[in-house]
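Q: whatever this is, show me its structure:
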Amino acid sequence: ADIFSTYSTPPSRSIAHNGLNKAPVGAVIDETRLDRWARDTNGEPFTQETNDEPREYMNMTDKG
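A: Numbers count the residues shown, from 1 in each chain. I've put the predicted structure just below:
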């Protein structure tokens with residue numbers, strides 16, 4: 001949840017009781033923010049194949 005809230009839209013503005021960021025209700029991660037997370041953690045954006053995987057395995061909307 002902390003990672004999600006860091007890169008979500010809208011961004012987190014609150015901290016949960018455990019000290020981690022708390023994602024706002026209705027927050028999403030779009031492709032742009034997912035690529036930012038990939039660059040921050042892996043040094044480069046995801047390939048198109050990797051970007052397609054969440055759509056295959058998770059419930060997603062046009063927003064993310």
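Q: isn't there a strand covering residue 19?
A: No: using DSSP: H, G, I helix; E, B strand; the rest coil, the secondary structure at residue 19 is coil, not a strand.
Q: and the residue at minimal distance from the centre of the chain, what does it touch?
A: Residue closest to the mean C-alpha point of the chain, counted by CA atoms, centre = their mean, is residue 29 at 3.8 Å. Neighbouring residues of residue 29 by CB atoms under 8 Å, 6 or more residues apart in numbering: 4, 7, 8, 9, 37, 64. All C-beta atoms are positioned from the backbone trio N, CA, C, and that covers glycine.
Q: ok, of those residues, which come out buried?
A: Applying 16 or more other CB atoms under 10 Å to the contacts of residue 29, the neighbour count classes 4, 7, 8, 37 as buried.
Q: how about JSON lines for those, with secondary structure added?
A: Below are the buried ones among the contacts of residue 29 laid out as JSON lines (three-state DSSP):
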{"residue": "4", "secondary structure": "helix"}
{"residue": "7", "secondary structure": "helix"}
{"residue": "8", "secondary structure": "coil"}
{"residue": "37", "secondary structure": "helix"}
